[in-house]
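Participant: with the input below, show me the fold.
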Amino acid sequence: MVRANVLDQLAATRPRDTVLFAQLTLTDLPLAWTLAHELELTDDGAWSELAKAYEKLDPLAVLPVLSRVVDHDLANTGAAHYRAAARRLARMRRIAAGTDQASGVDALIAELRQTHRRRPRLQQEFDRAGLPWAWPTSRRPRTPPPTPRAPVHRVTPDLDPTVWDKALRRAAENPRPPISSLIRPAPLPRTPYRRPVPNSAPPGAGAAPRTRRFSGR
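Facilitator: All right, here's what the predicted structure looks like:
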């Protein structure tokens, strides 16, 4: 009687606490599972813990619950949400392995990869979890290979002696000019030129000739 009253009071206002009370306090997993569906539990954390415990009783029954939690994870962005979704999907594959639900789980993963193909971090987390791709291996997006560089041929003593001799002979016939010949000397600074200006005074008048500064040529 007390148990029924407590469940009724909790179910009226607090569905999450009702499910946790049945699961943890009463340790009645079937009851908690039934209450979670009847009360339309929306707490992903409570669903995840309940599915983890209920998996021991009915593994395939938790697949729809985990799928719904994965959808809620991918409604957000961020590496933590992507990582959690990838782990849940990998767990779903382990649960469905060897059953008729395996193809449905792989189809779900393929659909999620295709839907979120523009999220490279999500694809990376799916790869780390070992999840299959949405398209054949030949169509997977990949980084283009680097452009091969042209080989550089250098004359070294390890080459054929005839090649080395030809290189030495060519260097002797066409010696490089000295570095000093490639350096142009700096121009000399210009010095002002003073040209005497003729004096109109008669010779012997004692006036000194005037000069003016001329910088042109």
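
Participant: and the host helix or strand of T18, which residues are buried?
Facilitator: Per DSSP states H and E, T18 falls inside helix 15-20. By neighbour count with 16 or more other Cβ atoms under 10 Å, helix 15-20 contains the buried residues P15, R16, T18, V19, L20. Bear in mind the C-beta positions are built from the backbone N, C-alpha and C, glycine included.

Participant: against L26, how distant is the last one?
Facilitator: With the distance defined as Cβ to Cβ, to the nearest Å, L20 ends up 10 Å from L26.

Participant: common neighbours of those two, please.
Facilitator: Residues touching both L20 and L26 by Cβ atoms under 8 Å, 6 or more residues apart in numbering: A32.

Participant: packing partners for the helix ranked longest in the chain?
Facilitator: Scanning the chain for the longest helix, with DSSP state H as the assignment, gives helix 79-96. For helix 79-96, the contact count by 3 or more Cβ pairs under 8 Å, 6 or more residues apart in numbering; DSSP states H and E identifies helix 63-74, helix 102-115, helix 120-128 as packing neighbours.

Participant: quick revisit: elements contacting the helix holding T18?
Facilitator: With contacts taken as 3+ Cβ pairs under 8 Å, 6+ apart, helix 15-20 sits against helix 2-13, helix 29-38, helix 44-54.

Participant: got the domain boundaries for this protein?
Facilitator: Annotated domains of the chain cover 1-57, 59-137 [automatic domain parsing].

Participant: kind regards, and thank you for your time.
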